[in-house]
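> Have a look at this prediction, sequence included:
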Amino acid sequence: MKHMWASLLPLSMAAALQAADLGDITAPLDYAPSNPLAKVFDAPTSPPGPAVVTSLGTVLIGSDQVLDSLKREIIARCGIEGDLHLSFVQPWNNVEVRNDKDWRVVVDEMKSGYVSPSMVLSFRIEASGQLIGTWKETVEAKLYRPVWMTQRRLERGERLDSMVCALKNIDVLSQKLPYVPADADLSIYEMAQILGQERPLTEQDIKLRPLVHKGDFVNVVVNQGALNISMKGIALGTAGAGETVGIRNKDSRKDFQAQVIGQNTVQVHF
């Protein structure tokens, strides 16, 4: 993932690095692939102002206009990303507003509190500060986002890349699954289980591909300010990109923790 520091010190200077300097190093570098979709379903406590739609003269407010306004406010409230589609379960009766230049739709309550395939929304329509009416409607929602899909059957332990998986827009609300996000670096993963063709990748389907194996010699990058040192160490465990693994100093035999940053390469953080 990253490259080791280009600057190397003579072996005499590397040896001068006291055992205590590395022995007490700790690096709390917990790594877990994030799931941006987890935030999709949590509405912030202080939502921004409602969406406003304006029109001139006598207007007839139809379902498309109301749904568009509702969509913008829900996106702002919940901070979601993707292509959100809304539809009324029951037919919408057009609302006429005569000789008024401003009107808006304001969501008062989302009963579920988060975006779901079916939501009950309480909202009102105002014109020039005057209440036109209030409604409580059931709305169906779909949220399309790009998700990694398998191009063929994938076996346990098989490495992942853009040749065996491709991005496809799907409705991520239809099943609340921890999909692998579109910006994930597939090259650092391998299959944790068998998965058929044209199936979306979830976090349960994959695991980090080991880049460091127990007992292997690894390149250790040490940096502190302007100090950059590269040395050899012995891996005390097996770990993937971003994970923390124990390393033994080849010369002093002292153990310390480091973060995996590439194939047989780890980095110490002070």
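Sure, I can see it.

> these two touch, right, residue 201 and residue 165?
Yes: contact criterion CB atoms under 8 Å: residue 201 and residue 165 qualify, at 6.4 Å. For glycine as for every other residue, the C-beta is placed from the backbone atoms N, C-alpha and C.

> shared neighbours of those two, anything?
Contact criterion CB atoms under 8 Å, 6 or more residues apart in numbering; residues shared by residue 201 and residue 165: 148, 149, 150.

> Among those residues, which lie within helices?
Of the shared contacts of residue 201 and residue 165, none are assigned to helices by DSSP state H.

> between the residues you listed, which has the most around it?
Counting neighbours by other CB atoms under 10 Å, residue 148 leads the shared contacts of residue 201 and residue 165 with 24 neighbours.

> thought residue 192 was touching residue 204?
Yes: assessed by CB under 8 Å, residue 192 is found in contact with residue 204 at 7.1 Å.

> Need the three-state assignment for residue 187.
Here residue 187 is helix, with the state taken from DSSP: H, G, I helix; E, B strand; the rest coil.

> Once you drop chain neighbours, what's closest to it?
Once flanking residues are discounted, residue 187 sits nearest to residue 161: 5.8 Å by CB to CB, 6 or more residues apart in numbering.

> Please look at the one you found and residue 185 and confirm they touch.
No: if you go by CB under 8 Å, residue 161 and residue 185 don't touch, sitting 9.8 Å apart.

> Strands - which of the shared contacts of residue 201 and residue 165 land there?
Among these, DSSP state E puts 148, 149, 150 in strands.

> now these as TSV including distance to residue 139 and pLDDT?
Formatted as TSV, these follow (distance: CB to CB, whole Å; pLDDT from 0 to 100):
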residue	distance to residue 139	pLDDT
148	29	96
149	28	96
150	33	96
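
> That concludes my questions; thank you for your assistance.
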